[in-house]
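Undergrad: Quick one, what's the 3D model for this:
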Amino acid sequence: MQIKKMQADHVIDFAAEELKKYLRMMMPQCDDIDILYDPYAKDGFRLGLLSDFGLIFEGEDQALDDVIHVDANRDGGILAGSNMRSILFAVYRFLRENGCRWLYPGVDGEYIPVKDISAVRYHKLADHRTRGICDEGHPSQGMMLDCIEYYAKLEMNFISLEF
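TA: Next comes the predicted model:
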């Protein structure tokens, strides 16, 4: 099994690592999963922008509007977004459609089923440009880092602290 990055970017690197991590948890008997940079890839799980695959962007501003596209099965497929953050959201959407759940921040809040991957077809412009929370009080740095990671898994793109 291979994960192929269509572009070199630190967000795509993180998305690829997250996909690998959760696929290994879901299918512990599967072979090793390689992550490669291949802008001309035609097989495997391909992570990239909508434009890398000739897909339509129906938003107004690619930097601000999140469009997620998933067309993948057990053998691979396309996990794409309108911007780098949307690619990460596409990975999490694919995993969520396959039964993964993130109930609250931290690893204790994860539910990862042990099962084979099912096919997923999904394409959506986010209902709102900004989706997130404002946290009030005095959270610790560790708590905030866990929350940032958690809210990305819920396709939220904004977090604010009081004051």
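Undergrad: Quick one: the strands in the chain, in order.
TA: Using DSSP state E, the strands of the chain run over 2-5, 34-37, 44-49, 67-73, 76-81, 101-102, 110-111, 120-125, 132-135, 158-161.
Undergrad: So in that sheet, which strands flank the first one, and in what orientation?
TA: The reference is to strand 2-5. strand 34-37 (parallel), strand 44-49 (parallel) (DSSP bridges).
Undergrad: Could you pull out the buried residues of stretch 120-131?
TA: Judged by neighbour count using 16 or more other CB atoms under 10 Å, the buried positions of stretch 120-131 are 120, 126. The C-beta positions use only the backbone N, C-alpha and C, and glycine is treated the same way.
Undergrad: Any idea what the nearest residue in space to Tyr122 that is not next to it in sequence is bridged to?
TA: Using CB to CB, 6 or more residues apart in numbering and skipping the chain neighbours, the partner closest in space to Tyr122 is Val70 (4.3 Å). Residues in a beta bridge with Val70, per DSSP bridges, are Leu79, Tyr122.
Undergrad: any idea how far Val70 is from Gly77?
TA: Val70 sits at a distance of 7 Å from Gly77 (criterion: CB to CB, to the nearest Å).
Undergrad: In terms of neighbours, single out the busier of the two.
TA: Higher neighbour count among Val70 and Gly77: Val70, with 23 against 19, using other CB atoms under 10 Å.
Undergrad: quick one, what contacts that one?
TA: 77-80, 90, 93-94, 97, 120-123 (CB atoms under 8 Å, 6 or more residues apart in numbering).
Undergrad: Check the contact between Arg121 and Asp71; I expect there is one.
TA: Yes. Counting by CB atoms under 8 Å, Arg121 touches Asp71, with 5.3 Å between them.
Undergrad: what ranges do the helices span in the protein?
TA: Assigned by DSSP state H, the chain shows helices spanning 10-26, 84-97, 141-153.
Undergrad: Just the angle for the shortest one relative to helix 10-26, thanks.
TA: Think helix 141-153. Orientation note: helix 141-153 sits at an angle of 80 degrees relative to helix 10-26 (axes from the mean of the first three to the mean of the last three CA atoms, to 10 degrees).
Undergrad: helices or strands next to helix 141-153 in the packing?
TA: Helix 141-153 sits against helix 84-97, strand 132-135, strand 158-161, with contacts defined as 3 or more CB pairs under 8 Å, 6 or more residues apart in numbering; DSSP states H and E.
Undergrad: For it, buried residues please.
TA: Those buried within helix 141-153 under the rule 16+ other CB under 10 Å are 146-147, 150-153.
Undergrad: and Ile159, how many neighbours does it have?
TA: Neighbour count for Ile159, taken as other CB under 10 Å: 15.
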